[in-house]
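**Student:** Model the structure of this input:
(3 chains)
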Amino acid sequence: MKIALSAQPPFYLPSVVRSHGWIQLSPFLADDHTGGFTYLIQLDTGRVAEIRIQEAQGGVSVAVDSPLTPKEQSEVSSKVAWMLGLDQEFGTFYALAHDEPKLAHIVSEARGRILRSATLFEDVIKTILTTNTLWSATIRMNRNLVEQFGASLPADPARIAFPSPERLAATDEETLRSSTRLGYRAPYILELAHRVASSDLDLEGYKTADIPTLELRKHLMAIKGVGPYAAANLLMLLGHYDFIPVDSWALKMVSHEWYNDEPVGKAQVEAAFERWGQWKGLAYWLWSWSYNG
DNA sequence: GGTAGACCTGGACGC
DNA sequence: GCGTCCAGGTCTACC
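**Tutor:** Down below sits the predicted model:
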């Protein structure tokens, strides 16, 4: 079956897909042919479905591998709309960026939306898996988590959804350390799964909560394993762009762009984008860097 | 509030 | 094949 969803213009699906590395993390799978992707989604009922997303007139079309009940259709629609930020609007930022050559490309490419997972739980875990490690290790740890704890697609057991909080909460730290190879992150992931599964932490509520950025940041940083970088990354996913996710890459880019390759710190990165105010994270994210080494 | 050292993995490198 | 070093953010203890 197919579901059609409309997007706030301008919208260009490949720009969302390529917005960051999430597309390389299972259960995302890029479809280079169409510029879209497939994803394994676990619905509230526990059912796993494969969805294939392609650009369509005014938005996207979502092909689902099997028939859904009306309630399941509604859940798929709202989750896909969230993943792609279909209702997001960037007119104010585009107007501000109009005269900045380093951001000249963003309007024609409809940049701004950042690909999200179906749940914030999945995005928090993936963000923790990006910290203090190489990207190749992030891909591996995430793949291990999915393969070891995710629920399979009934028609093809090799296709697996991201693990639910309940499933992860049912495992133990030693398994996550030695078998899933999460290392010191294991207790962080386990604690998060316990808190979400027991409803002690309503992560999904943050998607729609009307909370000031600073307060939201405080909540995110109360999660073990989430520091300033991870919180800024998650805030961007939640549509708050007041903070820059400063990592070693950011330091290298800013050093080359404005400091003649001299070492810089977090303060210099912040200063470089201060003039973008509440949009500074997005300006940083979409900047056309001159570094090509 | 700022800082040093520990945390853990896997890749690169030297032998 | 083995040992050592290094990169990558966050946490905790300490000042």
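**Student:** Can you report how many residues lie near the residue in the stretch 1-150 of chain A that DNA strand B sits nearest to?
**Tutor:** Using Cβ to the nearest atom of the strand, A:Ala137 is the residue of the stretch 1-150 of chain A that sits closest to DNA strand B, at 4.8 Å. All C-beta spots, glycine's among them, are computed from the backbone N, C-alpha and C. The number of residues packed near A:Ala137 is 15, by other Cβ atoms under 10 Å.
**Student:** With A:Lys266 instead?
**Tutor:** 15.
**Student:** which SSE is the residue of the stretch 1-150 of chain A closest to DNA strand B in?
**Tutor:** Following DSSP states H and E, one finds A:Ala137 within helix A:135-149.
**Student:** what comes up buried for that helix?
**Tutor:** A:138-139, A:141-142, A:144-146, A:148-149 (16 or more other Cβ atoms under 10 Å).
**Student:** Show the end-to-end separation of stretch A:8-21, please.
**Tutor:** 23 Å (Cα to Cα, to the nearest Å).
**Student:** residues of it that come out buried?
**Tutor:** Residues of stretch A:8-21 classed as buried: A:8, A:10-17, A:19-20 (neighbour count, 16+ other Cβ under 10 Å).
**Student:** where exactly do the helices run in chain A?
**Tutor:** Using DSSP state H, the helices of chain A run over residues A:13-17, A:70-84, A:91-97, A:120-130, A:135-149, A:165-169, A:173-174, A:186-197, A:213-221, A:228-237, A:248-258, A:266-273, A:280-286.
**Student:** Out of those, flag the one nearest A:Asn292.
**Tutor:** Closest to A:Asn292 of the helices of chain A is helix A:248-258 (Cβ to Cβ; 9.1 Å).
**Student:** The closest one and DNA strand B, are they touching?
**Tutor:** No: under the criterion of Cβ under 7 Å from any atom of the strand, DNA strand B is not reached by helix A:248-258; the shortest gap measures 13.1 Å.
**Student:** what residues are up against A:Ala232?
**Tutor:** A:217, A:243-246, A:281 (Cβ atoms under 8 Å, 6 or more residues apart in numbering).
**Student:** any idea which of the residues you listed has the most stuff around it?
**Tutor:** A:Ile244 (27 neighbours).
**Student:** okay, and for chain A, where does confidence drop off?
**Tutor:** Residues of chain A that meet the criterion pLDDT under 70 lie in A:293.
**Student:** residues from it in reach of DNA strand C?
**Tutor:** In this structure, chain A approaches DNA strand C at residues A:131-134, A:137, A:184, A:188, A:221, A:223-231, A:247-249, judged by Cβ under 7 Å from any atom of the strand.
**Student:** 10 Å instead?
**Tutor:** Residues of chain A lying close to DNA strand C by Cβ under 10 Å from any atom of the strand are A:127-128, A:130-135, A:137, A:183-185, A:187-188, A:191, A:220-234, A:245-252, A:266.
**Student:** Domain ranges for chain A, per the record?
**Tutor:** According to automatic domain parsing, chain A comprises the domains A:2-88, A:120-237, A:248-286.
**Student:** Next, format those as CSV and append distance to A:Arg113.
**Tutor:** Output for these, formatted as CSV (distance: least, Cβ to Cβ, whole Å):
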stretch, distance to A:Arg113
domain A:2-88, 4
domain A:120-237, 10
domain A:248-286, 10
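**Student:** And those domains: which comes nearest A:Leu96?
**Tutor:** It is, among those and with distance given as Cβ to Cβ, domain A:248-286, at 6.4 Å.
**Student:** how far does that closest one stretch from start to finish?
**Tutor:** Criterion Cα to Cα; first-to-last residue distance in domain A:248-286 is 17 Å.
**Student:** Can you give me the buried ones in that domain?
**Tutor:** Under 16+ other Cβ under 10 Å, the buried positions of domain A:248-286 are A:250-257, A:264, A:268-269, A:272-273, A:276, A:279-286.
**Student:** ok, now stretch A:32-44?
**Tutor:** For stretch A:32-44, a neighbour-count test (16+ other Cβ under 10 Å) marks A:35-43 as buried.
**Student:** What of stretch A:194-202?
**Tutor:** So stretch A:194-202, judged by 16+ other Cβ under 10 Å, has buried residues A:194-197, A:201.
**Student:** quick check, nearest of those residues to DNA strand B?
**Tutor:** Distances from DNA strand B to those, taken by Cβ to the nearest atom of the strand, are shortest for A:His194, at 18.2 Å.
**Student:** so what's that closest one up against?
**Tutor:** A:169, A:200.
**Student:** how far away is it from A:Glu173?
**Tutor:** 11 Å (Cβ to Cβ, to the nearest Å).
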